[in-house]
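Pasted the sequence and its predicted model underneath.
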Amino acid sequence: MKRYFTFFTLICLCQFTFAQVSVPPAKLQSHPSYAAYQQAKQANNASAMLNAAIDLMEVYPENSQAFILASTALYDSNKPTNAVDLAKWSVAYNSYETANGYYGFIYAVFANMPDMAHDFLRNMQAMGADATTMQRNYESLSSYVNSLSAYPQLASTVQKANGYLTNFSQESVARAKATFENLASTLGATYEGIANNETADKTLADWIAAEAVVKQGLISRALYNDALVSIAGMAEKVNFPFGQKLEPHLEKIVFDQVDYNIASRYRAYVKLASLQASLKRWDKVESASNLMLADLKGNIPSNAVLAKIYFYHTMALTEQRKLADASAMADAYVNILPKLKSPEYLAEAYYVILRAYAFNKEVEKGKAIVQRAENFLKIPGVDKYEYFNFAKNGLSTTANILGGEGGAELTGSPYNDGIRLMDGKQYAEAVVQFEKAREEEIAALEKLDPLAQRGYLDKFQRINGFLAATYYETKQFEKIYDVIESNRAYSLLNDKRSKQKQLPLKDLQATLGANEAYLSFIDVSKGSTYEGTYLMCLVTKNEVFTRYNRSAGAFVDLLENDPELVVLEKELAQQEFRSPNLDYLTGEKTRKLNMFGRGEFKLMTQYLRKHMEAKVVDNQYVFFQKEKMPDLLKRFHITFIDGLEEKLQGITKLTISPEGLIGTIPFDALIDINGRYLAERFEIGYIPNAAMLYTLRSQPKKTYEKNILGFGGATYENYSVAKAPLNSLGDLEKLRYRVREDLQKNQPLDYAFATFQGEEPMVFLEGGRQEVVIVKDIIPNSETRLDEMMTENELKRMSTANELGKYKAVHLSSHASVHPYVFDLSGIAMTVKSAPVNGEDGMLVVGELEKLNLPVDFVMLSACQTALGVESPGDGIKGLNQALFNAGVNSSLTSLWSVSDTGTMYLSVELYGRMFKEKMATTTALAQVKRNFIAGAYGDQTHPYFWAPFIYTGY
């Protein structure tokens, strides 16, 4: 009894030609293929039955009867294993229909799958029946099972199946009773009930409580999931806020490979993706879609199932402006278009495919799909259905972005109209549309709580970027500062710390010193096929100045001729589980004059990092292309500072409010036309936004009992726990979900860290321990937690006991990193043991760090890459540094790359000496120390590698 084919193979064998699409009858039984199925059945033609059933599965993709018909055809074709798999889909789509469980049981017994037979029977019994029907079902099933006793290979399964059928009627009554006692409110839910918040909440509470009975085996998992999906479908239409409450429950099922089969998980996925798409949580839609594609690989029951995943996946990539990836996904989607027979699924396909190609400027591909979409709209009767508008909207988007006949005719979508007008250089008209779009987005944001706002901020930032650009083109320079600051107004950090969401310009200027400037950025290329174009706004005590950065102008020759960039892009793509983005680098796409192609600005910042870092070989520091480093730093200076030089005359302190990747650039190390580092000219600091700067400077000064609390000398062991599987992108998504769930439950993450650990533990940092000891010795009234005392348990104990607030500064010296694959694993290493100690794994991850009670003035993370993170709309670079501010810190010193052990010791000791002994402001003290490095005061450590990674954030 072996499996003969995968589903996908079966489907492909049966569909070589383009599907003939028409509006199907409302009822499956009225479709010609249903009649064909019945005729084939009477003729005992299993092959014709299967073809007709597959046709019905494509035309009616969510109809359980189509699946059970195909399942029966496979059974009659002597493919019982495949029949069982399709029966699972039939039950998943309608677990209330006892016939699905009935046939599933039969097919599973014949396929020698006793556990599956038990599951099907359990689901069938859960719905109950009258005594006569139960007796008839028992006799029929029992007779069938006993008829298989002649097959020796089925002896064990037959015996088990007969055991399952023992006390059939009593078991049916017990299971039906348990089902309706625990799930009555869910199974009987109505639109009216779900629309009522109190009734809806009671329904959900009943469903959650029923899980205990599910675990006892009295209620089937398929039925339990079906009940949730059912109320989620109702909530989607009549009570969306209630639908949001269902999100974590749907997500739990989607990621649960143990208790739920792929069919049930797929059904939950469709509702989850729809809900998350409405919430604009595109990263989550992408994660769930990746998981589904990985888990369904080679086992896809219909092209329609694949199409639905492609629909959400392509949309998620497009909305996140991962345009190259979205276009590649659209290519795969196009390949299955000829096999789709559901008008609704085709309309969805045209919508997202056209948008993906349009945003990625794939003109020829877009035109080909436009023709097919226009033909689709001509299908008789299709215009009577709601899905008709999907295809229309896709065509409208394509016309707006790629252009069409008749110029920039307004469509009623201010955002799309603004883009079209801007592309046509009608800037004054575009301003009006972007102002409308911004008002609409703010109105939507203000109705949401801070967490729900996350999903809307990407589009909000794109609108602001385009609005700032059109203000510049129409010479409304005075409005640009407000647009930039509103771009940061909805950050979580801003909500927690700032006295006001957005600081008026006059208040910022009143806050600035006479020789101080505030420099902020806004990305005006976000959402286009190009990137790295920013507007810069420089504010001084008496003046505001805006101008564009020079984009890729200073890098054009490198982008066209440096083969190392191609090598680096391939390395980064492999690390990030994506395809290399080489179109512009290899000349396959025409480079727009002085513009970065998609992904190239990020690539260039990574290229700079590669030149700034060092490796230690035979106790010597080795740099990558050391001779090229000054040239790169000059190019970045030309791009971001040269155009501001006139306005920076007389300025001695520069506070930078970066956006996105700008936050990864070491401005201290940029080299001007005279060969000077910016650190030699300015005291440089960073701040999330002007409102935060004002809040920190205007807060009452606090007196601290003690000076510094230093943590150092941690030891590190490898974790002994088994690694989590990590063989595919799907495995990675499951791991991300598991980590997120365990963080919420305060569970240790040793299994996750073990998954990525090397053969050897992290290296003991003797220099890090020494710097903590020296700091304590030279700074009076300071304390340390060294060696076995440097633990996650101790730090959290002090946080809970409100002890950390006694110290003006906290110094953490250890290893740290921003995790390249699972951001939630980013953190600082405390003492790490092979197994968790009192529930702590030894790694203080970003989610734990931000929950600390840390009301201190200054924190130094003496570790590697602590200033890095992931780009997050509204929050800029989200990472350890932001977590510190969420925890209550007023200022911090973090690093942009791997740091030197000895260089860090010099920097921290010299910095604290100036801060605490000479009472210098932190920015002044840090500037002096960095200038000493440059001058060679600390030996042969003049290279920016030693001093430039450390960036100060605060007031």
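Yep, it's here.

what stretches of the stretch 451-600 of the chain score poorly on pLDDT?
The stretch 451-600 of the chain contains residues with pLDDT under 70 at 492-495, 527, 577.

For it, which segments count as helices?
Shown for the stretch 451-600 of the chain, the helices assigned by DSSP state H, counting those that start in this stretch span residues 457-473, 480-487, 492-497, 505-511, 556-561, 563-575, 600-612.

can those go into a markdown table with extra columns for mean neighbour count and distance to residue 797?
(C-beta placed from N, C-alpha, C; glycine too.) Output for the helices of the stretch 451-600 of the chain, formatted as a markdown table (neighbours: other C-beta atoms under 10 Å; distance: least, C-beta to C-beta, whole Å):
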| stretch | mean neighbour count | distance to residue 797 |
| --- | --- | --- |
| helix 457-473 | 23 | 36 |
| helix 480-487 | 23 | 39 |
| helix 492-497 | 19 | 24 |
| helix 505-511 | 15 | 38 |
| helix 556-561 | 14 | 51 |
| helix 563-575 | 14 | 37 |
| helix 600-612 | 21 | 36 |
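
Of the ones you listed, which is nearest residue 697?
Proximity to residue 697, assessed across the helices of the stretch 451-600 of the chain by C-beta to C-beta, is greatest for helix 505-511 (5.8 Å).

other SSEs contacting the closest one?
Secondary structure elements in contact with helix 505-511, counted by 3 or more C-beta pairs under 8 Å, 6 or more residues apart in numbering; DSSP states H and E, are strand 534-539, helix 690-698.

pretty sure residue 710 contacts residue 811?
Yes: with contacts defined as C-beta atoms under 8 Å, residue 710 counts as touching residue 811 at a distance of 4.3 Å.

which residues touch the residue positioned nearest the centre of the chain?
Within the chain, one residue has its C-alpha closest to the average C-alpha position: by C-alpha atoms, centre = their mean, that is residue 283, at 3.0 Å. Taking C-beta atoms under 8 Å, 6 or more residues apart in numbering as the contact definition, residue 283 lies against 316, 320.

what's the angle between the helix or strand harbouring it and helix 457-473?
Secondary-structure assignment from DSSP states H and E places residue 283 in helix 282-296. Here helix 282-296 runs at 130 degrees with respect to helix 457-473, directions being taken by axes from the mean of the first three to the mean of the last three C-alpha atoms, to 10 degrees.

For helix 282-296, output the C-alpha coordinates as CSV.
Once non-C-alpha atoms are left out, helix 282-296 reads as follows in CSV (Å, rounded to 0.1, in the frame of the first residue of the first chain):
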residue,chain,number,x,y,z
TRP,A,282,2.7,42.2,6.2
ASP,A,283,5.8,40.7,7.9
LYS,A,284,3.6,38.2,9.7
VAL,A,285,1.7,37.4,6.4
GLU,A,286,5.0,36.7,4.8
SER,A,287,6.1,34.5,7.6
ALA,A,288,3.0,32.4,7.6
SER,A,289,3.0,32.1,3.8
ASN,A,290,6.6,31.0,3.9
LEU,A,291,5.7,28.3,6.3
MET,A,292,2.7,27.1,4.3
LEU,A,293,4.7,26.9,1.1
ALA,A,294,7.4,24.9,2.8
ASP,A,295,5.1,22.5,4.5
LEU,A,296,2.9,21.9,1.4
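
Report the inter-axis angle for the helix or strand that that helix is followed by versus helix 457-473.
On the C-terminal side of helix 282-296, the closest following helix or strand by DSSP H and E is helix 303-319. Direction vectors for helix 303-319 and helix 457-473, defined by the same axes, to 10 degrees, enclose an angle of 40 degrees.

ok, then the element right after helix 303-319?
Scanning the chain past helix 303-319 towards its C-terminal end, the next helix or strand to appear is helix 323-336 (assignment: DSSP H and E).

That next one - contacts with which helices or strands?
Other elements packing on helix 323-336 under the criterion 3+ C-beta pairs under 8 Å, 6+ apart are helix 303-319, helix 343-359, helix 363-376.

Please identify the buried residues of the shortest one?
When burial is assessed from 16 or more other C-beta atoms under 10 Å, helix 363-376 yields the following buried residues: 365-366, 369-370, 372-373, 376.

quick one: which helix or strand includes the closest residue to residue 308 other than its chain neighbours?
Nearest in space to residue 308, with sequence neighbours left out and distances taken as C-beta to C-beta, 6 or more residues apart in numbering, is residue 270 at 6.0 Å. Assigning secondary structure by DSSP H and E places residue 270 in helix 262-278.

For that helix, C-alpha coordinates in CSV please.
Listed next in CSV are the C-alpha coordinates belonging to helix 262-278 (Å, rounded to 0.1, in the frame of the first residue of the first chain):
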residue,chain,number,x,y,z
ILE,A,262,-1.7,20.5,7.0
ALA,A,263,-5.3,20.8,5.8
SER,A,264,-6.6,22.2,9.1
ARG,A,265,-3.5,24.5,9.3
TYR,A,266,-4.1,25.8,5.8
ARG,A,267,-7.7,26.7,6.6
ALA,A,268,-6.5,28.6,9.7
TYR,A,269,-3.8,30.2,7.6
VAL,A,270,-6.2,31.6,5.1
LYS,A,271,-8.2,33.4,7.8
LEU,A,272,-5.0,34.4,9.6
ALA,A,273,-3.5,35.9,6.5
SER,A,274,-6.7,37.7,5.7
LEU,A,275,-6.9,39.2,9.2
GLN,A,276,-3.2,40.2,9.2
ALA,A,277,-3.5,41.7,5.8
SER,A,278,-6.4,43.9,7.1
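
What mean pLDDT does that helix get?
For helix 262-278, the mean pLDDT works out to 96.

Now do it: distance to the chain's middle.
Helix 262-278 sits 16 Å away from the centroid of its parent chain (C-alpha atoms, centre = their mean, to the nearest Å).

That one versus helix 282-296: what angle between them?
Computed with the same axes, to 10 degrees, the direction of helix 262-278 lies at 160 degrees from that of helix 282-296.

related to what we said a few turns ago, just name the closest of the buried residues of helix 363-376 to residue 124, please.
Of all those, residue 376 has the smallest distance to residue 124: 40.3 Å, by C-beta to C-beta.

what's around residue 731, how many residues?
Other residues near residue 731 number 16, with proximity taken as other C-beta atoms under 10 Å.

got it, and the one 4 residues further on?
Other residues within reach of residue 735 by the criterion other C-beta under 10 Å amount to 23.

Go ahead and confirm it touches residue 825.
No: Residue 735 sits out of contact with residue 825 when judged by C-beta under 8 Å, with a separation of 9.2 Å.

Mutual contacts of these two, please.
With the criterion set as C-beta under 8 Å, 6+ apart, the overlap between the contacts of residue 735 and residue 825 is residue 752.

Could you report the distance from the residue of the chain most remote from its centre to residue 143?
When distances are taken from the C-alpha mean of the chain, residue 150 lies farthest, 54.7 Å away, according to C-alpha atoms, centre = their mean. The spacing between residue 150 and residue 143, counted by C-beta to C-beta, to the nearest Å, is 14 Å.
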